[in-house]
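>>> Provide a 3D model corresponding to the input given below.
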Amino acid sequence: MAGSVQGTWICKALTCLVLALCLLSTMIQLVLGLYQYSAADLLRLRPRLTRSVMDVLLTFPDIFFQPRHRYIHRGSRRNFQQDTRAKITSYWSTSRPPLRPSGRASDSSVLASLATVASAPAHLSEDTISFAHLNIRSLTGKTHLIQDLLTDHNIDILSLNETWQQPQDFTLLNEATPPGFVYMMQPRNSGRGGGLAILYCETMRVTPLTVSSYGSFESPVCQLPGSIPIIVATIYPSPKFNKEFLNDFSAFIAYLSSLSSNIIIMGDFNIHLDNSKSLATRDFISCLDNFDFQQFMETPTHFKGHILDLICCTGLTPNDCTAEEFPSSDHFLFTFNMTLTVYTIKPQRVITFRNLKNINMDNFQLDIDAFVESLQTISPSDLVNFYNEGHLDILNLVAPLKTQSVSFTHTAPWFTPTLHILKSKGRQLERLYKKTGLNVHKEMYFSHMHHYRDSIRHAKAACFP
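Below is the predicted model of the structure:
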């Protein structure tokens, strides 16, 4: 009895053990099956995952990503109501607009062209500028003297006091201005006398400046553009003493100082600077010192021995200040020069040329053959004239004359004819290289330019030992 009971329990225990092993093997197979998915299987499963995600897939971020929700614009979340009670009626044209007339265009021939000097190219350079000042005491009968003065003394800028010009009267100044010079003027608006002008070479870029008018003196102002602008002014106060002159002059130079640190003021100040005991002289010198101006005229400028015409500068120092008598005036002509960095204008000239390189030689030969066939037996002189005129007509037809404005500069002293030939050869090689793009032409061009550069260095060394 006891043995049968024990056998029964053993059988039950074995049965439970077998069932447990079967259950455990089933679970292991399920788990192992999850890790045996291939990448292609997981990619096929990815679109079907919408809510729940198996944790095992999170371990493969390269092939799995959480599906994103579809984007919904915030405007679609609002409650809009469409009003269909009234609609906007559209009107469509059944014909096209007429075409714009081809002849309707701007006529450029009625437009005024800029002056040649104003539109000419300018370059910044350091040059020695020659200045001069003169109280001319009326230009009448002295215009030829002013022309000779500008040309013989090589003056670049000349200021004139007491021109006695009337408003809208330009005759005398036009006669006094030689070719290659221009002027700016400021006549006295009322009364007699007065009037000022500044004559300057047209190769210089000069800009007139507008300043406040003062009742105690006249003064046109201009500016020389450059790295640091240079203000040039000429001044002429009334010969009669005016107690407002120093106040006006102080305001005048204060305004000019706000425009530039380099200022040149010249003119007949009607102050006896040679009389150091004069109260007007001491006040004037004090006014100059307050604005860091210095007066450079030390010799008499009037035939009575007084120093009336002055040169007042700040930031600049004039050189070679001289004063000499001038005919037909009781004031002396004083001159000086300065080395300034200013813009100079290259004068332009109009040249004519023919583009002979673009001539079609075949057509040219046909025109000449037709011309020769038309020749008739006439006298030798008529034959020569007919021959010259006929060939000129053919040349005008195939290569007409063209005009162009060009700028001429002075050739450097070291630029020899050999260098000119080398430069022309370099331009030919450059055009050839740009046309073909071949490396052999590039090497030829670069090698020639190296030779040209060395030749320039040797030429400069020979010219400036």
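>>> tell me where the model's unsure across the stretch 101-250 of the chain.
Counting by pLDDT under 70, the stretch 101-250 of the chain shows low-confidence ranges at 101-122.
>>> which residues in the stretch 251-400 of the chain form helices?
Applying DSSP state H, counting those that start in this stretch to the stretch 251-400 of the chain gives helices spanning 279-290, 361-373, 380-398.
>>> over the helix or strand hosting residue 24, what's the mean pLDDT, rounded is fine.
Element membership for residue 24, per DSSP states H and E: helix 2-34. Averaged across helix 2-34, the pLDDT comes to 66.
>>> again with stretch 427-440
For stretch 427-440, the mean per-residue pLDDT is 87.
>>> tell me the buried residues in it?
Across stretch 427-440, burial judged by 16 or more other CB atoms under 10 Å covers 429, 433. All C-beta atoms are positioned from the backbone trio N, CA, C, and that covers glycine.
>>> quick one: neighbours of residue 202, just the number.
Residue 202 has 18 neighbours, counted by other CB atoms under 10 Å.
>>> where does the stretch 251-400 of the chain dip in pLDDT?
346-348, 376-378.
>>> run the last query once more with 90
274, 276-278, 303-305, 324-330, 341-400 (pLDDT under 90).
>>> in it, which spans are strands?
When secondary structure is read from DSSP state E, counting those that start in this stretch, the stretch 251-400 of the chain shows strands at 262-268, 294-295, 309-314, 319-325, 332-345, 348-354.
>>> pick the most buried one from the ones you listed.
Of the strands of the stretch 251-400 of the chain, the one with the most neighbours on average (mean count of other CB atoms under 10 Å) is strand 262-268, at a mean of 24.
>>> okay, now the domains of the chain?
For the chain, whose domains are defined here by automatic domain parsing, the residue ranges read 122-345, 349-410, 412-465.
>>> including distance to residue 388, could the strands of the stretch 251-400 of the chain go into CSV?
Output for the strands of the stretch 251-400 of the chain, formatted as CSV (distance: least, CB to CB, whole Å):
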stretch, distance to residue 388
strand 262-268, 59
strand 294-295, 70
strand 309-314, 63
strand 319-325, 58
strand 332-345, 41
strand 348-354, 16
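>>> so which of the ones you listed gets nearest residue 22?
strand 332-345 (105.9 Å; CB to CB).
>>> between strand 319-325 and that closest one, find me the angle.
If you take axes from the mean of the first three to the mean of the last three CA atoms, to 10 degrees, strand 332-345 sits at 130 degrees to strand 319-325.
>>> ok, now which ones touch the closest residue in space to residue 321 that isn't next to it in sequence?
Spatially, and ignoring its direct neighbours in sequence, residue 321 is nearest to residue 336 (4.5 Å; CB to CB, 6 or more residues apart in numbering). Going by CB atoms under 8 Å, 6 or more residues apart in numbering, residue 336 touches 130-132, 296, 311, 318-322.
>>> tell me the one of these nearest residue 360?
Residue 360 has its nearest neighbour among the contacts of residue 336 in residue 130, at 54.5 Å by CB to CB.
>>> burial of that closest one, as a residue count?
18.
>>> what strands line up against the helix or strand where it lies, and which way round?
Per DSSP H and E, residue 130 falls inside strand 122-135. Counting by DSSP bridges, the strands paired with strand 122-135 are strand 157-161 (parallel), strand 332-345 (antiparallel).
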